[in-house]
Structure formats: structure tokens, C-alpha cells
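>>> I would like to see how this sequence folds:
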Amino acid sequence: MSYLVKVRVNGVEHTAHIEARLLLVNFLRDVLDLTGTHVGCDTSSCGACTVLVNGMPMLSCVMLAAFCAKSGRPTS
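Next comes the predicted model:
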């Protein structure tokens, strides 16, 4: 199942179709081509993937991108 999501990153609105299982770190790097977020350990222990979500630091390697979307709705 895929989702149509809208997110604001660095003040810019983005809309994309994503798979429900896509991690936030992969969304930022692969979909939005924002490679400043790094994948260090893939287990949430190093903090290299930390990003701000609504002003709170979050580990993007263990957070689903759909969780951060303004309006995620299932599509076929």
C-alpha cells in the first residue's frame, strides 16, 4: 500500500507517493535527495540520523515517513 503524503522540510512543501514502510531517513535521502541526514548504525544507537520533527529531535532511522506527514492518505 502506498500513501500520498505532504511534508514541510526546511520551509519547503513536498508531496510524494511513498510506501507505508518507508523510513524517514530514506524518504529524506532517496525521495527528496536531501543527503545531509546520515545513516550511521541502522539501530538508533548512534544518533547520526537525528532530525527535528515539529521541533523535537527524532531518530529518522526508526521512524516511518508517513508518521511525519501532514496528510497521509492511502492510495492504490
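>>> Quick one: low-confidence residue ranges for the protein.
Along the chain, segments meeting pLDDT under 70 span 70-76.
>>> where exactly do the helices run in it?
Using DSSP state H, the helices of the chain run over residues 24-26.
>>> now the strands for it?
For the chain, the strands defined by DSSP state E occupy 2-9, 12-19, 50-53, 56-59, 73-75.
>>> got the contact list for the fourth one?
The reference is to strand 56-59. With contact meaning CB atoms under 8 Å, 6 or more residues apart in numbering, strand 56-59 is reached by 24, 44, 47, 49-52. (Glycine included, C-beta is placed from N, CA and C.)
>>> ok, that strand: who's next to it in the sheet?
Partners of strand 56-59 in the sheet, by DSSP bridges, are strand 50-53 (antiparallel).
>>> Give me the buried positions along the strand it pairs with.
Buried positions in strand 50-53, judged by neighbour count with 16 or more other CB atoms under 10 Å: 50-51.
>>> Nearest residue to the middle of the protein?
Centroid-nearest residue in the chain: residue 24, 2.3 Å away (criterion: CA atoms, centre = their mean).
>>> circling back: now, of the strands of the chain, which is deepest in the fold?
A comparison of these by mean neighbour count, using mean count of other CB atoms under 10 Å, puts strand 2-9 on top with a mean of 16.
>>> and that strand with strand 12-19, angle?
160 degrees (axes from the mean of the first three to the mean of the last three CA atoms, to 10 degrees).
>>> helices and strands around strand 2-9, which ones?
Counting by 3 or more CB pairs under 8 Å, 6 or more residues apart in numbering; DSSP states H and E, the packing neighbours recorded for strand 2-9 are strand 12-19, strand 73-75.
>>> and the ones you listed as JSON lines, adding distance to residue 4?
Output for the helices and strands packed on strand 2-9, formatted as JSON lines (distance: least, CB to CB, whole Å):
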{"stretch": "strand 12-19", "distance to residue 4": "6"}
{"stretch": "strand 73-75", "distance to residue 4": "5"}
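>>> what's the closest of these to residue 64?
Smallest distance to residue 64 across the helices and strands packed on strand 2-9 (CB to CB): 9.1 Å, for strand 12-19.
>>> what sits up against the closest one?
Under CB under 8 Å, 6+ apart, the answer for strand 12-19 is 1-8, 27, 31-32, 65-66, 75.
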